[in-house]
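Engineer: I would like the atomic coordinates for the input below:
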Amino acid sequence: MSFKENNTQAPANQSTSAATECRVYASEGEKLIQYDLNCDDASLIRKWSLTLPAFIQSGCFHPTKPLFYLALSKGGYAAAVPIEEHYLMAFKIESSSTLTQIGKTISLPYRPVHISLDKTGVQVLVAYNVPASLSIHDIAEDGCLTEAFRIPDLTMRKYPHQVKTSPKNDLITICATGQEMIMDSTNFRGAIHVFGYKNGHLTGTLNSVSLNNGLRFSPRHLEFHPYLPLAYVSLERQNELHVYHYDHKGFDPEPLFVHTTLFGGASKSMQLCGTVKIHPNGRYVYAANRTLGWYEENGKKMLAKGGDDIAVFEIDALTGALTPLQRIDSEGIMPRTMSFDTEAKLLIVANQFEAEALEGTEMKHIPQALAVYKINTDGHLELANKYPLSKYQKPMIWMDVLCRNL
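Structural biologist: Predicted coordinates for the structure are as follows:
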């Protein structure tokens, strides 16, 4: 199938003006850390940190205004714990790069696993994994969050992990992995839930993608192609990338293309596919492969090599089909989040955990780390710089990059 008839011209990369500043925001537990990103030499300079009232879970920037929203939970990175302190906060990003909280801290009912803004920047969407639910929060003209919010009555599979609006702002997608707390469970049933969306309100359930009635179907993260009517979805437990056609009526029930993210071999440890990012030119897609960092052998924890990496694919400009190009080490354990700079010449990857494991006969410490890669013109990644954190830091659950004229 070709989508040439639906294909508008691919957007050109925007050049960075002298006034543009690029900043990386990353979490260490309750701590938010801001780095300046030098796009010329791919370097990071740590500037400041801010301690917040709970573990940072997810964040998002306003599409046009200097506003920043963060979701927090006292439950840390655990999926479901008996704790009732969860928050949503709004900040103004000052020209000095500091943050000023605006409005009240909003209490949330459950652990917020992911948040995003709609394309117009008037709603914050919050996904909860336990119980499976969604809340919609209005943003006032001054950027503050209104205290009242809506929790639509939705029927969803277990463990939503991402909520996202379509490029035309007419759909909301929720990826639900369906997982149980037992990591080796094989009876989970997941789905990609698709809802109509208009003027800040859901307009009904359009459909759900749930192959094999969802059995062992675990969609974790979804990215819309910038100019083809396609969505690229990571399947966490299957370690696959699925490509779906969609329109205003919803998603097609079957994927157009399926490709393993473990091409070229896998590690001995459990593999979990994660975040997906599509280059703004629409030609390349990047998917995070993750392990738990080690595997058991003769009662010892052995370092699992080759399983924490970024899988790179080329996207066919007409059909959206995938061609595998590269797998490159993430320079850490469990790369959870990644993001481009403003020109998409760099990819920054945040590795969530640190680990102690045997490599040969020696115990090796693998720190949490931020890795900065140059993106070559053919889509391949080249490691430019690596920034390990000091030992015994709390997990780096979230990271993103903001590049904007100030």
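
Engineer: which stretches of the stretch 51-200 of the chain form strands?
Structural biologist: Using DSSP state E, counting those that start in this stretch, the strands of the stretch 51-200 of the chain run over 55-61, 67-73, 86-93, 99-107, 112-117, 123-128, 133-139, 145-150, 160-165, 171-176, 191-198.

Engineer: Is it possible to get JSON lines of these that adds mean neighbour count?
Structural biologist: C-beta here means a position set from N, CA and C on the backbone, and glycine is covered the same way. Output for the strands of the stretch 51-200 of the chain, formatted as JSON lines (neighbours: other C-beta atoms under 10 Å):
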{"stretch": "strand 55-61", "mean neighbour count": "24"}
{"stretch": "strand 67-73", "mean neighbour count": "24"}
{"stretch": "strand 86-93", "mean neighbour count": "21"}
{"stretch": "strand 99-107", "mean neighbour count": "16"}
{"stretch": "strand 112-117", "mean neighbour count": "22"}
{"stretch": "strand 123-128", "mean neighbour count": "25"}
{"stretch": "strand 133-139", "mean neighbour count": "20"}
{"stretch": "strand 145-150", "mean neighbour count": "14"}
{"stretch": "strand 160-165", "mean neighbour count": "24"}
{"stretch": "strand 171-176", "mean neighbour count": "26"}
{"stretch": "strand 191-198", "mean neighbour count": "21"}
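
Engineer: Turn those into a markdown table, including mean pLDDT.
Structural biologist: Formatted as a markdown table, the strands of the stretch 51-200 of the chain follow (pLDDT from 0 to 100):
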| stretch | mean pLDDT |
| --- | --- |
| strand 55-61 | 96 |
| strand 67-73 | 97 |
| strand 86-93 | 96 |
| strand 99-107 | 96 |
| strand 112-117 | 96 |
| strand 123-128 | 97 |
| strand 133-139 | 96 |
| strand 145-150 | 93 |
| strand 160-165 | 96 |
| strand 171-176 | 97 |
| strand 191-198 | 96 |
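
Engineer: closest to Gln352 out of these?
Structural biologist: Closest to Gln352 of the strands of the stretch 51-200 of the chain, according to C-beta to C-beta: strand 55-61, at 12.0 Å.

Engineer: Can you give the strand pairings for the closest one, parallel or anti for each?
Structural biologist: strand 67-73 (antiparallel) (DSSP bridges).

Engineer: still on that earlier bit, please identify which of the strands of the stretch 51-200 of the chain is closest to Ile366.
Structural biologist: Taking the strands of the stretch 51-200 of the chain one by one with C-beta to C-beta, strand 55-61 is closest: 21.5 Å.

Engineer: and that closest one with strand 112-117, angle?
Structural biologist: 10 degrees (axes from the mean of the first three to the mean of the last three C-alpha atoms, to 10 degrees).

Engineer: Quick check, pLDDT for Gly76.
Structural biologist: Here the pLDDT value assigned to Gly76 is 73.

Engineer: wait, it sits on Glu30?
Structural biologist: No - the pair Gly76 / Glu30 is not scored as a contact, 9.2 Å apart, by C-beta atoms under 8 Å.

Engineer: quick revisit: same list (the strands of the stretch 51-200 of the chain) but as a markdown table, adding distance to His380.
Structural biologist: Below are these laid out as a markdown table (distance: least, C-beta to C-beta, whole Å):
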| stretch | distance to His380 |
| --- | --- |
| strand 55-61 | 28 |
| strand 67-73 | 32 |
| strand 86-93 | 33 |
| strand 99-107 | 35 |
| strand 112-117 | 29 |
| strand 123-128 | 33 |
| strand 133-139 | 37 |
| strand 145-150 | 41 |
| strand 160-165 | 27 |
| strand 171-176 | 27 |
| strand 191-198 | 29 |
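
Engineer: Tally up the residues packed near Asn213, please.
Structural biologist: Asn213 sits with 8 neighbouring residues when counted by other C-beta atoms under 10 Å.

Engineer: Three-state assignment for it, please.
Structural biologist: Three-state assignment for Asn213 (DSSP: H, G, I helix; E, B strand; the rest coil): helix.

Engineer: Could you pull up phi and psi at the residue nearest to Thr64 when sequence neighbours are not counted?
Structural biologist: Nearest non-adjacent residue to Thr64, counting by C-beta to C-beta, 6 or more residues apart in numbering: Gly121, 6.1 Å away. With angles defined as degrees, to the nearest 10, Gly121 sits at phi 70, psi 30.

Engineer: Next, Asp36: secondary structure please.
Structural biologist: Criterion first, three-state DSSP; result for Asp36: strand.

Engineer: what about it, distance to Lys65?
Structural biologist: Distance, Asp36 to Lys65, by C-beta to C-beta, to the nearest Å: 21 Å.

Engineer: export the helix or strand harbouring Ala231 as PDB, just CAs?
Structural biologist: Using DSSP states H and E, Ala231 sits in strand 230-235. Written as PDB, here are the backbone C-alpha positions of strand 230-235 (Å, rounded to 0.1, in the frame of the first residue of the first chain):
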ATOM      1  CA  LEU A 230       0.600   6.000  10.200                       C
ATOM      2  CA  ALA A 231       1.400   5.200  13.800                       C
ATOM      3  CA  TYR A 232       4.500   3.400  15.000                       C
ATOM      4  CA  VAL A 233       3.900   1.300  18.200                       C
ATOM      5  CA  SER A 234       6.400  -0.500  20.400                       C
ATOM      6  CA  LEU A 235       5.200  -3.900  21.700                       C
END
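
Engineer: quick one: buried residues of the first helix or strand past it going along the chain?
Structural biologist: Next along the chain after strand 230-235, taking DSSP H and E as the criterion, comes strand 240-247. Within strand 240-247, the residues scored as buried using 16 or more other C-beta atoms under 10 Å are Glu240, Leu241, His242, Val243, Tyr244, His245, Tyr246.

Engineer: I'd like to check the angle between the helix or strand harbouring Arg290 and strand 230-235, please.
Structural biologist: For Arg290, the host element (DSSP H and E) is strand 284-291. Counting by the same axes, to 10 degrees, strand 284-291 lies at 10 degrees to strand 230-235.
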